[in-house]
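Undergrad: Below are the sequence and a predicted model for it; my questions follow.
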Amino acid sequence: MTDAPPRHPEQLDVPLVWELEPEPGGATREDDPFPAHSQPLPAGTGRLLIAAFLDLGVVFAVLGLVWGIAAAKGASLFPLQLFFAGLLGLEVASVVAVVCLAAWRGTPGLLLMSVQFADTVTLSRAWWLWVVWAASLILLGVPLVIGRAGRRGLERLAGCATTRRSPPGVA
């Protein structure tokens, strides 16, 4: 057996982040990159408006995808065929949005803007929330996002406030 070279005592003597003991009283360190907040930060109106714009983009992307699939399958794109393909696209976008609302507490646009609802949204509330949200997307969701945090129409439909998502690993 060969002997390992001697280790210098001053090397690797720095404690790792997860080895540090929390400060007593729940105080956080000044250099903590992800300080714990006692209350999650509320979502601002600007974030919600951008989220509505992103949701509108998701709906248009799904519509375009379904219309493209219909054209590739040989549909001659008569107005009635476009109408039914558009309905299918809206249904697909609705299923995606409702699943995102129920599972991750936000529509794709809200999640892209790091916004979520504070509590879990039930499937029935998620469905009605999406129907009203989708109808308001024509106006970029303005009727649902104006107002004070916690009192917006969007939050009343969901039954809870919108908050900014915290980084992974942060409570």
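TA: Perfect, thanks for sending it. Residues are numbered from 1 along each chain as shown.
Undergrad: Buried residues, the longest helix along the chain. List them.
TA: Looking across the chain with DSSP state H, the single longest helix is helix 45-72. Burial within helix 45-72, assessed by neighbour count using 16 or more other Cβ atoms under 10 Å, is assigned to 47-52, 54-56, 58-59, 62-63, 66-67, 70. The way it works is simple: take the backbone N, C-alpha and C, and place the C-beta from them, glycine included.
Undergrad: other SSEs contacting the next helix or strand after it?
TA: Once the chain leaves helix 45-72, the next helix or strand it forms, by DSSP states H and E, is helix 79-104. In terms of contacts (3 or more Cβ pairs under 8 Å, 6 or more residues apart in numbering; DSSP states H and E), helix 79-104 is packed against helix 45-72, helix 108-112, helix 123-136.
Undergrad: Check the average confidence over helix 79-104, would you?
TA: Averaged over helix 79-104, pLDDT sits at 88.
Undergrad: next one: that helix to chain centre, how far?
TA: 18 Å (Cα atoms, centre = their mean, to the nearest Å).
Undergrad: what's the answer for stretch 157-168, then?
TA: 9 Å.
Undergrad: before we move on, what about stretch 116-125?
TA: So, by Cα atoms, centre = their mean, the centroid of stretch 116-125 is 12 Å from its chain's centroid.
Undergrad: Repeat that for stretch 109-129.
TA: How far stretch 109-129 lies from its chain's middle: 8 Å, per Cα atoms, centre = their mean.
Undergrad: Just the C-alpha atoms of it, please, in CSV.
TA: Output in CSV follows, covering the C-alpha atoms of stretch 109-129 (Å, rounded to 0.1, in the frame of the first residue of the first chain):
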residue,chain,number,x,y,z
GLY,A,109,-48.2,32.5,-18.4
LEU,A,110,-48.3,32.9,-14.6
LEU,A,111,-45.7,30.2,-14.1
LEU,A,112,-43.4,31.8,-16.7
MET,A,113,-43.6,35.1,-14.8
SER,A,114,-42.8,33.2,-11.5
VAL,A,115,-46.3,33.9,-10.1
GLN,A,116,-48.5,31.3,-8.5
PHE,A,117,-51.6,31.2,-6.2
ALA,A,118,-50.8,31.0,-2.5
ASP,A,119,-53.0,27.9,-2.0
THR,A,120,-53.9,24.9,-4.1
VAL,A,121,-56.7,25.6,-6.6
THR,A,122,-59.4,22.9,-6.8
LEU,A,123,-60.2,21.5,-10.2
SER,A,124,-63.7,23.1,-10.3
ARG,A,125,-62.3,26.5,-9.3
ALA,A,126,-59.4,26.0,-11.8
TRP,A,127,-61.9,25.4,-14.6
TRP,A,128,-64.0,28.5,-13.9
LEU,A,129,-60.9,30.6,-13.3
